[in-house]
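[1] kindly return the folded structure for what I paste below:
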Amino acid sequence: MTGRRLRRVVVVPGGGGVVLAPHRLAGEDAGSLVLAPDFVGICGTDLDIVAGRRGDRAAVLGHEAVVRIVSGRPSDGPGTTFGARCLVNPVNVEDQDRIIGHSEEGMLQEAVRIPASAAWDGLLVPVRPGLEPLLAVLSEPLGVAVYGIGLLARSRLPERLLVVGAGPMGLLTAVAARLLGVPEIALADRSDRRIRYATENGLVADHLAWSAASGRLKGDFTPDAVALCVGREHRQGALDEAVRVAASGARIDLVTGFPPGETRPALPGVDLHGIRRGNVCGRPSPGRVAPVTTTGGKPLGLTGHRGTSRGHLEDAMKLLVDHPSVFRKIITDVVPLDEAPRLVRALVLARGDAATAPYRKAVVSVNA
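    Residues are numbered from 1 along each chain as shown. Presented below is the predicted three-dimensional model:
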């Protein structure tokens, strides 16, 4: 592909837009790797970057990706040979500030060259035999859900899990928790449209799903675990509500990121950013959970994580292979690369009003 004019989706500086732009692969150097993305998922963090709510500097987004190895020999072991179809595991376990599609060039392009100096061990994970390539694109966010559920478990799974946020990450967390054996799972979101999508598709039970346009969560469901899966702009209010309704001793997983230095009045002096960065790609094991006490004297455990391990991705792929009909309901839009800018702009606009935001999980078919 060297020298050929290729296409990629580029973030417009200043937030709010993306465009389809031509590019050429740089000349090959020793040890470089060329990947041809087949499917790339659009994540909520991608939309936050486009909307200017994050400071990530990658011009090309896309960290949920199924790719083929076009040239080069990665050092990730069996299954990562020429022509193999692999997942991208986007976070560098040795430096969690290096993330594909955030700090490093992403996968929303027809081909990407990764220099040897920019690759890391574990970057590629072979797609499990029998897994549909389109469904495989859900492996990374589903792996995040599997990671979080593991952190929320004590010696056993939670009895009553509350998932706050009914976007794709929230629904994947709710579905994964049910398939892994959590007995009771509630789902809350500000948008009634998102809640309806979840209940009408049988992803959560009707009586355990509700919309809260005011942001207030039900007080009659007292969870022993909470997964915070809201957009970054809603993180503060969602955490405050999770702290309010959680049972004494409950664990709260900060799936949503918090910037450095941010605290909440109900959790004085608690470093939310640091807690979330305390677990990365499965390290340490078992994961860290910080004991905290609210201003009202309620003990809680706060945890969070960045990235996934190979084991998390393999567990996610097994769920996808075993339950394809369930996970097909997660994906709502599949578009070719040339339609991706229009769709991304529409998604950013649609999620601007939390009370009316629709449920959408978009995937870009790049080379498939």
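[2] which SS state does Gly31 fall under?
    Following DSSP: H, G, I helix; E, B strand; the rest coil, Gly31 is assigned to coil.
[3] read off the pLDDT value for it.
    Turning to Gly31, the model gives it a pLDDT of 76.
[4] what do you get for Gly15?
    Note for Gly15: predicted pLDDT of 65.
[5] do the same with Thr2
    53.
[6] and if you look at the one 3 residues further on?
    At Arg5, the predicted lDDT confidence score is 83.
[7] specify the beta-bridge partners of it.
    Arg24 (DSSP bridges).
[8] for it, list the residues it contacts.
    Arg5 makes contacts with Pro22, His23, Arg24, as judged by CB atoms under 8 Å, 6 or more residues apart in numbering. Using the backbone N, CA and C atoms, a C-beta is placed for each residue, glycine as well.
[9] now the buried members of the residues you listed.
    His23 (16 or more other CB atoms under 10 Å).
[10] show me where the stretch 151-300 of the chain has helices.
    Ranges of helices in the stretch 151-300 of the chain, per DSSP state H, counting those that start in this stretch, are 168-180, 192-200, 235-245, 272-276.
[11] so which strand or helix has the residue most central in space within the chain?
    In the chain, the residue lying closest to the centroid (CA atoms, centre = their mean) is Pro141, at 4.0 Å. Secondary structure assigned from DSSP states H and E places Pro141 in helix 139-152.
[12] repeat that for Gln96.
    Here Gln96 is assigned to strand 95-99, by DSSP H and E.
[13] between the helices of the stretch 151-300 of the chain, which gets nearest to Ala84?
    helix 168-180 (25.2 Å; CB to CB).
[14] only C-alpha atoms, please: export the closest one in PDB.
    Only the C-alpha atoms of helix 168-180 are listed here, as PDB (Å, rounded to 0.1, in the frame of the first residue of the first chain):
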ATOM      1  CA  PRO A 168     -23.500   1.200  24.200                       C
ATOM      2  CA  MET A 169     -21.000   1.000  27.100                       C
ATOM      3  CA  GLY A 170     -23.900   0.800  29.600                       C
ATOM      4  CA  LEU A 171     -25.800  -1.800  27.600                       C
ATOM      5  CA  LEU A 172     -22.700  -4.000  27.100                       C
ATOM      6  CA  THR A 173     -22.100  -3.800  30.900                       C
ATOM      7  CA  ALA A 174     -25.700  -4.800  31.700                       C
ATOM      8  CA  VAL A 175     -25.700  -7.600  29.200                       C
ATOM      9  CA  ALA A 176     -22.300  -8.900  30.300                       C
ATOM     10  CA  ALA A 177     -23.300  -8.800  33.900                       C
ATOM     11  CA  ARG A 178     -26.400 -10.900  33.200                       C
ATOM     12  CA  LEU A 179     -24.500 -13.400  31.200                       C
ATOM     13  CA  LEU A 180     -21.900 -13.700  33.900                       C
END
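[15] who are the packing partners of it?
    The contact analysis (3 or more CB pairs under 8 Å, 6 or more residues apart in numbering; DSSP states H and E) places helix 168-180 against helix 139-152, strand 160-164, strand 184-189, strand 225-228, helix 310-322, helix 324-328.
[16] okay, the angle between it and strand 160-164?
    Using axes from the mean of the first three to the mean of the last three CA atoms, to 10 degrees, the inter-axis angle of helix 168-180 relative to strand 160-164 is 160 degrees.
[17] need the contact list for Cys229.
    For Cys229, the contact set (CB under 8 Å, 6+ apart) comprises Val163, Val164, Gly165, Gly167, Met169, Gly170, Thr173, Val255, Thr256.
[18] out of the residues you listed, who has the most neighbours?
    When neighbours are counted by other CB atoms under 10 Å, Val163 leads the contacts of Cys229 with 33 neighbours.
[19] from Ser211, how far out is that one?
    With distances taken as CB to CB, to the nearest Å, Val163 is found 13 Å from Ser211.
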